[in-house]
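Provided below for reference: sequence and predicted model.
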Amino acid sequence: MRTDSVQIANRYRGGDSIRTIATESGLSTSTVRRRLLEANVSLRPAGTQRTRPDSELLHRLHQQGLSQRQIADRFKVSPASVSSWFAHAEIVRTKAPRPSDAELRQLYLGDKLNLRGIADRYAVTKQAVRGWLTRARIETRSKQSAIDAADADTIQRLYVDQQLSCAQIGLHLGIDAQLVARVLHRHGVELRTPRPAVSRPDLQAALAEGLNSPQIATRFKCSVSAVCRALRREQLQTPHQRQRREMLDRANRIRSLAHP
C-alpha cells in the first residue's frame, strides 16, 4: 500500500471529508476515494456529520491563543475543518502575528527554514507563510530555481525582438507567464504595458466563423482565459454562450409566468 494512501486514510479517519482532502492535496475526489478503498477504509455515508468540539470548547481554545493549526493538530483534522468549526461557532479569527520583512528574510534566506518551519514557529499554515513571502517580495526557493533554470536569452529575444507578450512566451516555452515576467525583470528588461490578447475586430471575425473560446485561443496563440476576458470586455459571446444565455432567459420567463 502506498504511503500517500496511508496519509489520506489517517486524515479521513481523523474527520476530514473526501472533498477537503482532495482540495488540500491537489487530487480529485475520485482519486481520494480510490486511495481510501486501497487502504481498506470504510467510507462514511454521504452527509454524515463529523465529530467536532462544541462551541464553548472552541471559544475557550481560541481565547487561550491557540491557532487554527494548533487546534487542528489537537483534534487530528485539517485547518480547513477548524475554519468551518469557527464559522459555525461564530468565532471571529484573530490575525496571527506576522514577522517583519527583515525577520522573514533572515528566517527563510539566512537560516534556510522552509515554509513548514516558519509556519510552526508562528503557529500558522504554510499558505499564510507563502503570502508573507509574496508581500515581502521574497522569491520561494522553488521559484528561484525555476528562474535560474529558465533560458533568459531566449525569453529576452522573444520579448524584445519578436515583441511577444509574457503570456505568448509562456505558451511557447511551456512555462508560467509570471515566471517570464520575473526573468525579464531580473535582467533589467522594462515590461511593456499589457495589450489585449485579442482585439475586437479579431474576435468578431472569429465569432463570425463560429469558433469557440479554445479555438480562438489557438488561432491567436493566447490562453482561453485571455479570450474569455476579451469577450467580456467587448461584450461579445460565442455561439455556445449565446445559446446558453437564451436558454437561461427562456427558463426565467417560464418561471416568472408560473410564479407571478
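Now that the structure is in, tell me what you want to look at.

ok, Arg98 touching Gly131?
No. Using CB atoms under 8 Å, Arg98 makes no contact with Gly131, being 9.3 Å away. Backbone N, C-alpha and C define where each C-beta goes, glycine included.

Pick out whichever of the two has more residues nearby.
Arg98 (16 against 13; other CB atoms under 10 Å).

count of neighbours near the closest residue to that one other than its chain neighbours?
Sequence neighbours aside, Trp132 is the residue nearest to Arg98 in space, at 6.0 Å (criterion: CB to CB, 6 or more residues apart in numbering). A count of neighbours around Trp132, defined by other CB under 10 Å, yields 24.

Just the CA trace of the helix or strand encompassing Trp132, in PDB.
Per DSSP states H and E, Trp132 falls inside helix 126-135. Taking Å, rounded to 0.1, in the frame of the first residue of the first chain, the C-alpha atoms of helix 126-135 are listed here in PDB:
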ATOM      1  CA  LYS A 126       2.200  27.200   5.100                       C
ATOM      2  CA  GLN A 127      -0.200  29.200   2.900                       C
ATOM      3  CA  ALA A 128       0.000  32.100   5.300                       C
ATOM      4  CA  VAL A 129       3.800  32.000   5.200                       C
ATOM      5  CA  ARG A 130       3.700  31.900   1.400                       C
ATOM      6  CA  GLY A 131       1.600  35.000   1.500                       C
ATOM      7  CA  TRP A 132       4.100  36.700   3.800                       C
ATOM      8  CA  LEU A 133       6.900  35.900   1.400                       C
ATOM      9  CA  THR A 134       4.900  37.300  -1.500                       C
ATOM     10  CA  ARG A 135       4.100  40.500   0.300                       C
END
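
buried stuff in it?
Neighbour-count burial for helix 126-135 flags 126, 128-129, 132-133 (criterion: 16 or more other CB atoms under 10 Å).

With stretch 32-39 instead?
Buried, per 16+ other CB under 10 Å, within stretch 32-39: 32-33, 35-36, 39.

Which one of the residues you listed is nearest to Arg232?
Val32 (34.0 Å; CB to CB).

Within the helices and strands, which one has the closest one?
Applying DSSP H and E, one finds Val32 within helix 29-38.

Put the alpha carbons of that helix into PDB.
Taking only C-alpha atoms (Å, rounded to 0.1, in the frame of the first residue of the first chain), the coordinates of helix 29-38 have been written out as PDB:
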ATOM      1  CA  THR A  29     -12.300  13.300  -5.200                       C
ATOM      2  CA  SER A  30     -12.400  10.100  -7.200                       C
ATOM      3  CA  THR A  31      -8.700   9.600  -6.600                       C
ATOM      4  CA  VAL A  32      -9.000  10.200  -2.900                       C
ATOM      5  CA  ARG A  33     -11.900   7.800  -2.700                       C
ATOM      6  CA  ARG A  34      -9.900   5.100  -4.600                       C
ATOM      7  CA  ARG A  35      -6.900   5.600  -2.200                       C
ATOM      8  CA  LEU A  36      -9.200   5.100   0.800                       C
ATOM      9  CA  LEU A  37     -10.500   1.900  -0.700                       C
ATOM     10  CA  GLU A  38      -6.900   0.800  -1.300                       C
END
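
now for the helix or strand that it is followed by, which elements pack on it?
Scanning forward in sequence from helix 29-38 by DSSP H and E, the next helix or strand is helix 55-63. Using 3 or more CB pairs under 8 Å, 6 or more residues apart in numbering; DSSP states H and E, the elements in contact with helix 55-63 are helix 68-75, helix 79-88.
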